[in-house]
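J.: Pasted the sequence and its predicted model underneath.
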Amino acid sequence: MARFEEGRSISCPPLFEGEAYSQWSNVMKYFIQAQDFELWDIIEEGYIEAPKKKKKQMSENDTKAKLNSRAMHILLCGLNEEVSKKVSTCKRAKEMWEKLERLYGKEEKKDGAPSCANLLSSSKVDGVLALNEPEVSSNSCDSNSYSFEELQDAFDELFLEFETMNSKFKKIISKLECENDFLLKTKLNFENQNEILKNDLEISKSSNCVLEKENLDLKVKLESLTKEKKLFQIIHPIP
């Protein structure tokens, strides 16, 4: 009779201890999808918190934040202590997954020693190195001076710093957009008030013209009465 070994628990994520990353990542992907497909969408696509202008947007932000926290919790539960320390500073599940891919996915080579070309093959590495001068040439990779892990750690620090700065700039842009909206509304209010004042001024000018006409009529009547009074005094002198 055939004997079968005990399988993995369907309620616990697979444990990654630093080896066989490709196998672990595939099993973890299916495990997360089995929990909730939206969790995998958060890991694969990530999310950016929208400005909280409406209740609907606030609700969507809360939902995505909860999914991100659940996804990060599952990932951390599937890492041993040594590996989890390397990704514990990540703020997004997508960031954590991509860092694991950078740290362990590129190391699975036949000779076990990644070359300088492989280190610089990632588009994100190219983007970060392009921000720092002097540029590193293809001949400047000296494996005797720096190990791959040291270079990778340095890159991770640069990338995290870049992500932090990018997040700060997004918050500043969002704040400036809100201030711009406020200034536009204020400008519109001033323009409306200016139109009202113009209309009031036109009404005042019209009223002033009427008053000037009435004043002129009164002057004419006064002059006429004065002439009549003088004529009356001539015809009927006082004895």
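T.: Sure thing, it's come through.
J.: Around N61, how many other residues sit close by?
T.: N61 sits with 16 neighbouring residues when counted by other CB atoms under 10 Å. Every C-beta, even on glycine, is put in place using the N, C-alpha and C of the backbone.
J.: Next: the one 3 residues further on.
T.: Applying the criterion other CB under 10 Å, we find 18 residues in the vicinity of K64.
J.: Touching, it and I42? I think so.
T.: Yes - contact status for K64 versus I42: in contact at 6.8 Å, counting by CB atoms under 8 Å.
J.: residues shared between the contacts of these two?
T.: With contacts defined as CB atoms under 8 Å, 6 or more residues apart in numbering, no residue is adjacent to both K64 and I42.
J.: which sections of this protein are below the confidence cut-off?
T.: Residues of the chain meeting the criterion pLDDT under 70: 1-8, 49-57, 107-145, 238-239.
J.: Recalculate using a threshold of 80.
T.: For the chain, the stretches with pLDDT under 80 are 1-10, 47-61, 106-150, 152-153, 157, 160, 163, 231-233, 236-239.
J.: Tell me where it has helices.
T.: In the chain, the helices defined using DSSP state H lie at 21-35, 37-45, 55-77, 81-87, 93-100, 116-119, 123-130, 148-235.
J.: List of residues touching the fourth one?
T.: To tie it back to what came earlier, the one meant is helix 81-87. Helix 81-87 has contacts (CB under 8 Å, 6+ apart) with 16-18, 75-76, 79, 96, 99-100, 103-104, 156.
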